[in-house]
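In: predicted model and sequence below, questions to follow.
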Amino acid sequence: MYELKTKPNDESVIDFIEQVESPKKREDAYRLLDIFTETSGYEATMWGPSIIGFGSYHYKYSTGHEGDAPLVGFSPRKARFSLYFATGDTDRENLLGKLGKHKAGKACVYVNKLADIDVEILKDLIRRSITFLRETYPEK
């Protein structure tokens, strides 16, 4: 049976951010930590070795595949930040159009630095993602 690699753990979020090599990227990571914590209302938790997640939800697909994932999160990767929001929500696309300089993959939104994006739109993306996931996968 398939086992998820990205699970919550007890590693320190602060220790992880402190290992970010670039001082500017580390500063942005701390700002993102504050923004995600305040906007989501959840404490930060490490998911796997490199994702800082906030809250969680349990999903189950029609294929039978199921698991847990953070509601929202981010990772200060070497090249750029990966931001994690819900997929499948049409509001996400509308908000991304207003976010600022970014690249969007299927599941991730990539930004080089916080100065490139509108923080208020980022907060809207966080709130919308949580609402969408809570509606799509209600807690039992």
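Out: Thanks, I have it.

In: please count neighbours and contacts with C-alpha atoms only from this point.
Out: Will do.

In: any chance you could map the helices in this structure?
Out: Secondary structure of the chain (DSSP state H): helices at 13-18, 23-40, 90-99, 119-136.

In: as a whole number, average confidence for the second one?
Out: In this case it means helix 23-40. When pLDDT is averaged over helix 23-40, the result is 98.

In: now the angle from that helix to helix 119-136?
Out: Relative orientation of helix 23-40 versus helix 119-136 (axes from the mean of the first three to the mean of the last three CA atoms, to 10 degrees): 50 degrees.

In: show me the contact partners of helix 23-40.
Out: The set of residues that contact helix 23-40 without belonging to it, under CA atoms under 8 Å, 6 or more residues apart in numbering, is 17-18, 20, 43-44, 54-55, 73-74, 76, 113-114, 123, 126-127, 130.

In: quick one, which of the residues you listed are buried?
Out: 17, 20, 44, 54-55, 73-74, 76, 113-114, 123, 126-127, 130 (16 or more other CA atoms under 10 Å).

In: now these in a markdown table, with distance to residue 7 and pLDDT?
Out: Converted to a markdown table, the buried ones among the contacts of helix 23-40 look like this (distance: CA to CA, whole Å; pLDDT from 0 to 100):
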| residue | distance to residue 7 | pLDDT |
| --- | --- | --- |
| 17 | 18 | 98 |
| 20 | 21 | 96 |
| 44 | 13 | 98 |
| 54 | 12 | 98 |
| 55 | 12 | 96 |
| 73 | 13 | 97 |
| 74 | 14 | 98 |
| 76 | 18 | 97 |
| 113 | 26 | 96 |
| 114 | 26 | 97 |
| 123 | 24 | 98 |
| 126 | 20 | 97 |
| 127 | 22 | 97 |
| 130 | 18 | 96 |
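
In: kind regards, and thank you for your time.
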